[in-house]
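S.K.: Fold the following for me, if possible:
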Amino acid sequence: ICERTRYLTNDLIARAREKGWTVRAPNEPEHRSSIVMLELEHPEEIVKALVERGIVTDSRPGLLRVSPYFYNTIEENAIVIDAIEDILEQRKK
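M.R.: Next up, the predicted model:
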């Protein structure tokens, strides 16, 4: 379970960083949990928009919390990142 969640977490972090988003997680993969915190404005609004898409996340002040677990897939990582990007783009309009 630990190896699988680390694999998913590393992938999710890489995808978020490719988008230019600030990730709050230890740099060393061996020190990471399966919690990925993304520094985004109004994360509570993003959480609501993701729920409408069937994606469960959480927020903390200034942070969107995404927590992949062993039963999640790489494809779901792509889906959540794409959904966040779409939500952020919609805000700009």
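S.K.: Packing partners of the longest helix seen in the chain?
M.R.: Ordering each helix of the chain by length in residues (DSSP state H) puts helix 74-92 first. Judged by 3 or more C-beta pairs under 8 Å, 6 or more residues apart in numbering; DSSP states H and E, helix 74-92 is in contact with helix 2-18, helix 43-52. (Glycine included, C-beta is placed from N, CA and C.)
S.K.: which of the residues in the next helix-or-strand element following the last one are buried?
M.R.: Read that as helix 43-52. Using DSSP states H and E, the helix or strand that follows helix 43-52 in sequence is strand 58-60. Neighbour counts over strand 58-60 (16 or more other C-beta atoms under 10 Å) mark residue 59 as buried.
S.K.: Just give me how far strand 58-60 sits from the chain centre.
M.R.: Remark: strand 58-60 is offset 11 Å from the chain centroid, using C-alpha atoms, centre = their mean, to the nearest Å.
S.K.: which residues touch it?
M.R.: Outside strand 58-60, the residues that touch it by C-beta atoms under 8 Å, 6 or more residues apart in numbering are 37, 43-44, 46-47, 64-65, 67.
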